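Enquirer: Got a predicted model here, sequence first, then my questions.
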Amino acid sequence: MKKFYMFLMLLMLSLSLVACGSSESTSKKEDKKTQEGEKKSKKKKKKKKDKKSKDENEADEDETEEETEEETKEKKKKSASKGVGDATLQSYTAVDSEDYSITVNSIEEDDILGFTVNITIENKSSDQDYSFEADNCSINGVQTGVSMYSDVAAGKKANTKITFDDLKAYGIEKYTDIEVHIAVSDASLGGDELGEENIHIYPYGEENAVKFVYEQKSTDKVLIDNEYLTLIYTGVDKEDSWGYALNFYVVNKTDVEMVLNADNVSVDGYMADPFFIEYVYAGKSDFISMSWFDSTLEQNNIDKNNISNIEFTMDVYDGDDYNKAHFVTETITINP
């Protein structure tokens, strides 16, 4: 019996040890599986993280590339704008005749006299003094006032300036195309005219020359528009330097100088001659005014603040030949 009990105890002990080993083995397997699962999970997370990081980097790179492209475009724009914005001019000889020469030296956009072209005039004559005068000019195709007069003695040179009226009020900021007509004459009193010179100047390069295009306002009124000219009434100025003025924009579509004159002018039924005769050169345009002295209106008891009717005949003809058929002879009525 003792042997039997001992055998039974040994058997139970053996079974217990086997169970423990099995449990431990299972536990180790489970631990191993858990560890492997954690490793896989970490790897997946790492891959996701790496992928996310890669995607973010690629996105950052794309964004950087986009920004770089935008910056490049902006730089190009700024560079182009700078090129157009800064007037640069190489000195060149614009006129070189047997008797005289005219050299365009430089441009000053902000001179005390306004936009200025600096020139040098040389008198090549050995015994004749010459006078040089700028008598008409256009900026971007629009006529404007110009000032330049210089007497140059025989065999001498003179540095002088050509100055222009300001056209900013009409929306012309950059003088891209300057055309100046210079008359040359004998400097003696009553001296004969010896020649005429037409100088073309492109401060920003000929390729950047821009012709002015007038943009009509809703208050404008087209008075004449045919094959010869366009005439637009643009408004009234009650405080004009002359007194009272009607303002117009005119385009000469012909290849000859054009003269505009007003006849039979009446203001509120009273004859009242204005200060008006305008010359517009071939292919050019101009901002012009028909003006009355305050005294002219006062003599007719006309209140310039309450003028309601102005009537006149516009006569337009060839400036070189009055006897040729006139371009326009038309009665016009304006109600300011």
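Expert: Received the coordinates, thanks.
Enquirer: Just checking, which helix or strand succeeds the longest strand belonging to the chain along the chain?
Expert: Identified as the longest strand of the chain according to DSSP state E is strand 100-111. Counting by DSSP states H and E, the element after strand 100-111 in chain order, helix or strand, is strand 114-123.
Enquirer: Now do that next one against strand 100-111, angle only.
Expert: Relative orientation of strand 114-123 and strand 100-111, computed by axes from the mean of the first three to the mean of the last three CA atoms, to 10 degrees: 160 degrees.
Enquirer: Partner strands of strand 114-123 and their direction?
Expert: strand 100-111 (antiparallel), strand 157-164 (antiparallel) (DSSP bridges).
Enquirer: Can you give me the buried ones in it?
Expert: 115-123 (16 or more other CB atoms under 10 Å). In short, each C-beta sits where N, CA and C put it, glycine included.
Enquirer: Which of those residues sits closest to Ile334?
Expert: Here the nearest of the buried residues of strand 114-123 to Ile334, counting by CB to CB, is Phe115; it sits at 33.2 Å.
Enquirer: what about that closest one, distance to Lys221?
Expert: 32 Å (CB to CB, to the nearest Å).
Enquirer: And the strands paired with strand 114-123, which one averages the lowest pLDDT?
Expert: Here the strands paired with strand 114-123 differ in mean pLDDT, and the lowest is strand 100-111 at a mean of 90.
Enquirer: Just the CA coordinates for that one, please, in PDB.
Expert: Taking C-alpha atoms only, strand 100-111 is exported to PDB below (Å, rounded to 0.1, in the frame of the first residue of the first chain):
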ATOM      1  CA  TYR A 100      24.800 122.200 -87.800                       C
ATOM      2  CA  SER A 101      24.200 119.100 -85.700                       C
ATOM      3  CA  ILE A 102      21.900 118.200 -82.800                       C
ATOM      4  CA  THR A 103      22.900 115.600 -80.200                       C
ATOM      5  CA  VAL A 104      20.400 114.100 -77.700                       C
ATOM      6  CA  ASN A 105      22.400 113.500 -74.500                       C
ATOM      7  CA  SER A 106      20.100 112.500 -71.700                       C
ATOM      8  CA  ILE A 107      16.700 112.700 -70.100                       C
ATOM      9  CA  GLU A 108      15.700 114.000 -66.700                       C
ATOM     10  CA  GLU A 109      12.200 112.900 -65.600                       C
ATOM     11  CA  ASP A 110      12.100 114.900 -62.400                       C
ATOM     12  CA  ASP A 111      13.900 118.100 -63.400                       C
END
